[in-house]
Each structure stands twice: as structure tokens, then as C-alpha cells.
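Participant: Any chance you can model this:
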Amino acid sequence: LMNENKKIWLSPPHMGGRERELVQEVFDINWISPAGPHIDIFEEKLSNISLNYSVAALSSGTAAIHLALIIAGVRKNDNVICSSFTFSASANPITYLGANPIFIDSERETWNMCPNLLERAIEDAIKINKKPKAIVLVHLYGMPAKMEDIMLIANKFSIPLIEDAAEALGSKYKKQQIGTFSDFGVYSFNGNKIITTSAGGALVCKNQIHAKKARFLSTQARDDANHYEHSEVGYNYRMSNVCAAIGLGQLDVLSDRVFKKREIFNYYKDKLSSIKEITFSKENQDSFSNYWLTTILFDENSAIGRERLRLHLANSNIESRPLWKPMHLQPVFNDCKSYVNGVSEDLFKRGLCLPSGTSMTKEDLDRIINKVKELYEV
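Facilitator: Okay, the predicted model is just below:
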């Protein structure tokens, strides 16, 4: 009976097997502090799946965005373009620097930044002599953005692009890992991500000097001296060696996790496609998604909306969640400029994330699917 009602979480951490042994190793050599051999190996392994770019392992994906903006030269009162349809962590670091986010709405196909609105925003900013200093582009729910179009625009105006691939480790565009198309890529290893280091993130840099700078800034910007000497402001953003050890165990199972996430997505799609009012996202020919979270959209005329299904699942101890509320609708970003077309607002109104934890059993999945069907059969 217990099993019938056990909590099914949206995307809980899933350990692979070796993590405990690797953490034990850290304890055995007493290398608990931020620096340590496991961080070096973790960065190297991440580099191997990221076109051999240089990697800085950090305390979070948010820290990675913050450092990328600093290295890209963003300063107070600068303009920075950012996807609107995302979690606030994509935009918060822009405000840490006293810069101004300009939010760009989504296109329908991938739900990511709309290239047409992006180009218009840049042209408008240039007209008033406030050319944006950087673009923060998000690959939402593991679905790659329209990279070709966006890179063309970023290159045309020579604006550094920061790829927020927090949700997209293991996702590819034209067979290339997301996060490696531009100068800066960002990964997150938060507890809910496809692999986790408990807390953590990484900055992927095409340029080795940038990665070195990120490591320097992330360790309080200590100059090379035998006393404490600082000539610029630093941050306490380095990943701990303990977290890196967990990350090494998780990297071992990354391809299994991607496989499983895709399997979960396909299982839902297969079992729920008989419900006409529900649609699923889909990859285009250039994209390979890790399907970090399986998302569904309700038909505009559906009698059952996302809130009704969310509460119905919650009553059975099943966690589901609305899609991100766009940044241009958030109270905190009220005064920011935005370029909107209604897409992200519509997705927020009609979309729901279903439980996508890779440790779910077939019984768990069937339980969720039956609960969804229950609402439609009444």
C-alpha cells in the first residue's frame, strides 16, 4: 500500500554507484577543501565531452553565468540580452553587475530565443548607441535553440554569446554538444539536473585564457604572492573537491541518463498521445534533446488546463510543475525592456512538466499516466 502512494518527485538526484567510493577517496586523502585532484579530473572529463574546450568547475551554473559576463566585459549600465522564457538564474547575474537585461521572447518551434526579435533588439540598441555587450541564450528543458540563426546574428554584430546549457548537458545541435558553439557555455549540476554534484556548475570556454581567468576570479582573485595580495575583486565560486568527486561518478553514467530521459519522454508520448488535447515538444532535424524534463501542452480549448491536472497529480503525491514564468512578467524585472510576441506567455499558461526522474520505475510511470488518463475518462 505504501508504494501506491509514495512521493514521485519531478526530477530528483539519481546516484550511479561510484559516487560513494569516490567521495570516500576524498576523505581518505583528506582533500576536502575547494582545490584538489578530483576537480582537475572532473574538469578534464567535462572538457572531453565539450570539444576539448577549457572548463572551470564552479559552485553553480549561476556563478558560471556571472563570471562569463565579467570576462565578456559587461559593466554597470551596459545592456545584456537574455532569453525571457527561463529560470531567473539566467538573468540575475546581469543585475549583479548593475547591467540592464533586455528580454527576448521565444519562437514556437524550440521555445527558445526568437532570432527575429533578437536581431530587432540589437538594431534598436545600436540606434541609441547602447549596443548590447553580451547575449545570454538558454536551451530550455534540454531542447537546443536555433543555433545557426542565433550564431549568425551574434557574429554579424560581434556580440559575445553565453550559452546557458544548465538544462542541456548531453543535448546536441548538428551532433555537437550544446554549450560549445560560442565563447562561453554554462552547465549546472544542481540536484535536479541530468547529473548532479549536489551543488555545482561549470563554465566552458573556447579560449584557455578565459577559463584561467574564471578560475582566478572564482578563488577570490588572489595574486601570485606569498601573502594575500588582490588587485581585483574576486568571488568564492570554486567547486569543492567533494562535489567534484560526486560529479566524476555522475559523469560515468551521463549517457545512460540521457538515454533514460529520452525513454521516459517517448513512453509518456506513446501512452498519452491518444489524448487529443495534449501535445509534446519535438526535435527538429538538427536537434538532439536530452529531454531533461518531459513537458506537455494543453490545447487552448481543453476543458482540463494545466492547473487542474497539476492539482489532480498533487492529490496523489505526484509532483508536476508549470513551465517557467517568463522573466518579462516577473515583478523583479518590471522595469526592464522586453521584446515579446506572446509565445512564452502562452506556453506558461498551457504547459506542464511531468515527473522525469531517471530512477523512476515502469510502475511509477504507469501510475502517473493512469492518473492523467483518469481526468480525461471522467
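
Participant: The residue nearest the centre of the chain - nearest residue in space that isn't next to it in sequence?
Facilitator: Residue closest to the average C-alpha location in the chain (CA atoms, centre = their mean): residue 166, at 2.4 Å. Nearest-residue entry for residue 166: residue 188, 3.6 Å, with adjacent residues in sequence omitted and distances by CB to CB, 6 or more residues apart in numbering. C-beta coordinates here come from the backbone N, C-alpha and C atoms, glycine included.

Participant: Sketch out the helices for the protein, chain order is fine.
Facilitator: For the chain, applying DSSP state H gives helices covering 19-28, 37-48, 61-71, 92-96, 115-127, 147-156, 208-218, 241-252, 254-272, 306-315, 343-350, 362-377.

Participant: Can you pull out the low-pLDDT segments for the protein?
Facilitator: Across the chain, the ranges flagged by pLDDT under 70 are 1-4, 378.

Participant: hmm, 90 instead?
Facilitator: Where the chain drops to pLDDT under 90, the residues are 1-5, 16-17, 31-36, 301-303, 376-378.

Participant: Wait, the residue nearest to residue 166 touches residue 58, no?
Facilitator: No: here residue 188 lies out of contact with residue 58, judged by CB atoms under 8 Å, at a distance of 9.8 Å.

Participant: overlap in contacts of these two?
Facilitator: Contact with both residue 188 and residue 58 is made by residues 64, 200-201, according to CB atoms under 8 Å, 6 or more residues apart in numbering.

Participant: ok, and the most crowded of those?
Facilitator: Neighbour counts for those (other CB atoms under 10 Å) peak at residue 64, which has 34 neighbours.

Participant: give the contact list for that one.
Facilitator: Taking CB under 8 Å, 6+ apart, one finds 56, 58, 186-188, 201-203, 214 in contact with residue 64.

Participant: what's the span of stretch 86-101, first residue to last?
Facilitator: Length of stretch 86-101, first residue to last, CA to CA, to the nearest Å: 13 Å.

Participant: swap that for stretch 230-249, please
Facilitator: Using CA to CA, one end of stretch 230-249 lies 35 Å from the other.

Participant: now that stretch, how far from the chain's geometric center?
Facilitator: What separates the centre of stretch 230-249 from the centre of its chain is 19 Å, taken as CA atoms, centre = their mean, to the nearest Å.

Participant: With stretch 280-287 instead?
Facilitator: Here stretch 280-287 is found 18 Å from its chain centre; the criterion is CA atoms, centre = their mean.

Participant: and that stretch, which residues are buried?
Facilitator: Residues of stretch 280-287 classed as buried by neighbour count (16 or more other CB atoms under 10 Å): 280-281, 283, 287.

Participant: CA atoms of that stretch as PDB?
Facilitator: Extracted C-alpha coordinates of stretch 280-287, given in PDB (Å, rounded to 0.1, in the frame of the first residue of the first chain):
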ATOM      1  CA  PHE A 280       4.500  17.100 -26.800                       C
ATOM      2  CA  SER A 281       7.600  19.100 -27.800                       C
ATOM      3  CA  LYS A 282       9.600  17.700 -30.700                       C
ATOM      4  CA  GLU A 283      13.100  17.900 -32.000                       C
ATOM      5  CA  ASN A 284      13.800  19.200 -35.500                       C
ATOM      6  CA  GLN A 285      16.300  17.500 -37.800                       C
ATOM      7  CA  ASP A 286      19.300  19.400 -36.400                       C
ATOM      8  CA  SER A 287      18.500  18.800 -32.700                       C
END
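
Participant: quick one: contacts of it?
Facilitator: So stretch 280-287 is contacted by 109-111, 141, 143-144, 147-148, 171-174, 265, 268-269, 272-273, 289, 294-297 (CB under 8 Å, 6+ apart).

Participant: which of those are buried?
Facilitator: Neighbour-count burial within the contacts of stretch 280-287 applies to 109-111, 141, 143-144, 147, 171-173, 265, 268-269, 272, 289, 294-297; the criterion is 16+ other CB under 10 Å.

Participant: Cross those residues against strands and list the overlap.
Facilitator: Residues of the buried ones among the contacts of stretch 280-287 located in strands (DSSP state E): 172-173, 294-297.

Participant: Need the nearest residue in space to residue 192, chain neighbours excluded.
Facilitator: Closest residue to residue 192 in three dimensions, ignoring its sequence neighbours and counting by CB to CB, 6+ apart: residue 11, at 4.3 Å.

Participant: The one you found reaches residue 360, doesn't it?
Facilitator: No: using CB under 8 Å, residue 11 is not in contact with residue 360; the gap is 10.0 Å.

Participant: Looking at these two now, which is surrounded by more residues?
Facilitator: Just comparing residue 11 and residue 360: by other CB under 10 Å the higher neighbour count belongs to residue 11, 24 against 20.

Participant: Between the ones in strands among the buried ones among the contacts of stretch 280-287, which sits nearest residue 86?
Facilitator: residue 295 (13.8 Å; CB to CB).

Participant: residue contacts, the closest one?
Facilitator: Applying CB under 8 Å, 6+ apart, we find residue 295 in contact with 141, 280-281, 323, 351-354.
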